[in-house]
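>>> fold the following for me, if possible:
(chains A and B)
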There are 2 protein chains.
Amino acid sequence: MRYELFYWPTIQGRGEFVRLALEDAGADYVDVARLPEGSGGGEAALLRWMDAPAVGHPPFAPPFLKAGRRLIAQTANILLFLGPRLGLAPRDETGALWTHQLQLTITDFVAEIHDAHHPIAGSLYYENQRDEAKRRSATLRRERLPKFLGYFERALADNARGRQRCLVGTATTYVDLSLFQVIEGLRYAFPRTLRRLEASLPLCVALHDRLAERPRIAAYLASTRRIPFNNDGIFRRYPELDV
Amino acid sequence: MRYELFYWPTIQGRGEFVRLALEDAGADYVDVARLPEGSGGGEAALLRWMDAPAVGHPPFAPPFLKAGRRLIAQTANILLFLGPRLGLAPRDETGALWTHQLQLTITDFVAEIHDAHHPIAGSLYYENQRDEAKRRSATLRRERLPKFLGYFERALADNARGRQRCLVGTATTYVDLSLFQVIEGLRYAFPRTLRRLEASLPLCVALHDRLAERPRIAAYLASTRRIPFNNDGIFRRYPELDV
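Next up is the predicted model:
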């Protein structure tokens, strides 16, 4: 099965959590909007599916995935679908639900990280909400980053008692890849804050480093398929928000 | 199976989406934190499970559900688990994923509604972020409410071509109950705005009204088990945010 991923072509954003799963599994996929418009790509490809009256299950927003005749949206839902197919989720119901629960906590975390630079409206420029962003990011740095990252550190510690180095069970799952991506993004966006926090997050850091060395992930990160971080995505580097 | 729901005892909040599914199905459940502390209830019951070192799959936050030996958190994940067991979700994978996709869009919507009165920090009083809340709620009213509600109206219209009066397939699912709750909440929190918008949302309003008349939901709404809306939950009535 060739999967077709639809996401904004110039940012990592939420689509990156799906890209990482597809890349790690060596899946056959096309990142449709990154194709030239003449080949059916570009942002036009996204809008075509979102506004098409004939689409039975329309997405609210990218990313979405076409898998044969299915059209599936919401990042965590796409990963719920792909997980067992890509060998990146446990097959038993309890394990699948726990993996998904952690992924939904990543979803909440990512929304809070985004809103630190856009606390008033996604439709306004950062410059028009910078004062509010300074207030919100202070809370993010002091309260929310330690709380969320500490939660994942605890989950890793719980699982590590069985000498595992992953969040769930005995093998890498999609939520390990998502936690890797969050740490990558936070190091980009909040380098000072992360340096302070990482000393108390040895298991998160070890997970990150181990995943970065998985052959397909290492190859992906070194390729042009990996879009560099930039200040249009979720993880943005505004030094005034990282004091 | 007797389910045990754990959620803050004095608000509807995110727990209400689970309560509505359990109530509609006539499920055997206990709302644990609403029991007296002497009977193992109160907020202490929540904290006991969240901080217990022996809990294998700890929740990040309430609500969470105990089902036998399983402990499941994240509202949408709880509904994913309960849906087929309560007869409130399709049994085929495509239908289950579509129902869940809509629920995750409700999750996003609810987070935005919450942040309209808490755009800076959940840990600060509303009064300490009122100016920012005025800015953010203006965007919520003008852009986000029409966009989200319009999306659900469209999904209802797509399904209504098959003469259905629910979001998914041919029967009521948990996401219908969640949309009912969102409309209830918005009518409480933003009565002026909703009066303006409802004329363009006939299918959402019809769904709401139909669900309010389902016997078990009607009985629940009239009972003391239904906590009244108040200004500690997600849906809060601040007239200055509804102009």
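
>>> can we go C-alpha only for contacts and neighbour counts from here?
Noted.

>>> by mean pLDDT, which helix or strand of chain A comes out lowest?
Lowest on mean pLDDT, DSSP states H and E among the helices and strands of chain A sits helix A:43-51, with a mean of 87.

>>> next secondary structure after it?
Sequence-wise, the next helix or strand downstream of helix A:43-51 (DSSP states H and E) is strand A:64-67.

>>> is the next helix or strand after that next one in proximity to chain B?
Counting by DSSP H and E, the next helix or strand C-terminal to strand A:64-67 is strand A:70-73. Yes - applying Cα under 8 Å from any Cα of the partner chain, one finds strand A:70-73 touching chain B at A:R70, A:I72, A:A73.

>>> one step back: which residues are contacting the least confident helix or strand of chain A?
A:6-9, A:32-33, A:37, A:55, A:58-62 (Cα atoms under 8 Å, 6 or more residues apart in numbering or on different chains).

>>> among those residues, the buried ones, what's the PyMOL command?
In PyMOL, this line selects whichever of those come out buried by 16 or more other Cα atoms under 10 Å in any protein chain shown:
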select buried, chain A and resi 6+7+8+9+32+33+58+59+60+62
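
>>> adding distance to chain B and pLDDT, write the contacts of helix A:43-51 out as JSON lines.
JSON lines is the format used below for the contacts of helix A:43-51 (distance: Cα to the nearest Cα, whole Å; pLDDT from 0 to 100):
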{"residue": "A:F6", "distance to chain B": "16", "pLDDT": "97"}
{"residue": "A:Y7", "distance to chain B": "16", "pLDDT": "98"}
{"residue": "A:W8", "distance to chain B": "19", "pLDDT": "97"}
{"residue": "A:P9", "distance to chain B": "22", "pLDDT": "96"}
{"residue": "A:V32", "distance to chain B": "21", "pLDDT": "97"}
{"residue": "A:A33", "distance to chain B": "22", "pLDDT": "97"}
{"residue": "A:E37", "distance to chain B": "27", "pLDDT": "91"}
{"residue": "A:V55", "distance to chain B": "9", "pLDDT": "67"}
{"residue": "A:P58", "distance to chain B": "8", "pLDDT": "91"}
{"residue": "A:P59", "distance to chain B": "8", "pLDDT": "94"}
{"residue": "A:F60", "distance to chain B": "7", "pLDDT": "96"}
{"residue": "A:A61", "distance to chain B": "9", "pLDDT": "96"}
{"residue": "A:P62", "distance to chain B": "12", "pLDDT": "97"}
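
>>> quick one: A:F229 and A:I11 touch, right?
Yes - with contact defined as Cα atoms under 8 Å, A:F229 reaches A:I11; the gap is 7.1 Å.

>>> next one: the least confident helix or strand of chain A to chain centre, how far?
Between the centre of helix A:43-51 and the centre of its host chain there is 21 Å, according to Cα atoms, centre = their mean, to the nearest Å.

>>> got the CA positions of that helix in PDB?
Extracted in PDB, the C-alpha atoms of helix A:43-51 (Å, rounded to 0.1, in the frame of the first residue of the first chain):
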ATOM      1  CA  GLU A  43      -1.000  23.500  -1.100                       C
ATOM      2  CA  ALA A  44      -3.700  23.200  -3.800                       C
ATOM      3  CA  ALA A  45      -3.600  19.500  -3.200                       C
ATOM      4  CA  LEU A  46      -4.500  20.000   0.500                       C
ATOM      5  CA  LEU A  47      -7.300  22.400  -0.300                       C
ATOM      6  CA  ARG A  48      -8.800  20.100  -3.000                       C
ATOM      7  CA  TRP A  49      -9.400  17.300  -0.400                       C
ATOM      8  CA  MET A  50     -10.500  19.600   2.400                       C
ATOM      9  CA  ASP A  51     -13.200  21.400   0.400                       C
END
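
>>> just the buried residues of that helix, please?
A:E43, A:A45, A:L46, A:W49, A:M50.

>>> ditto for stretch A:186-203
In stretch A:186-203, counting by 16+ other Cα under 10 Å, buried: A:L186, A:R187, A:Y188, A:A189, A:F190, A:P191, A:T193, A:L194, A:L197, A:E198, A:L201, A:L203.

>>> just the buried residues of the helix or strand containing A:A76, please?
Element membership of A:A76 [criterion: DSSP H and E] is helix A:75-85. Within helix A:75-85, the residues scored as buried using 16+ other Cα under 10 Å are A:T75, A:A76, A:N77, A:I78, A:L79, A:L80, A:F81, A:L82, A:G83, A:P84.

>>> elements contacting it?
Packing partners of helix A:75-85 (3 or more Cα pairs under 8 Å, 6 or more residues apart in numbering or on different chains; DSSP states H and E): helix A:15-24, strand A:64-67, helix A:93-117, helix B:93-117.

>>> let's go with 10 Å and repeat that
helix A:15-24, strand A:64-67, strand A:70-73, helix A:93-117, helix A:174-189, helix B:93-117 (3 or more Cα pairs under 10 Å, 6 or more residues apart in numbering or on different chains; DSSP states H and E).
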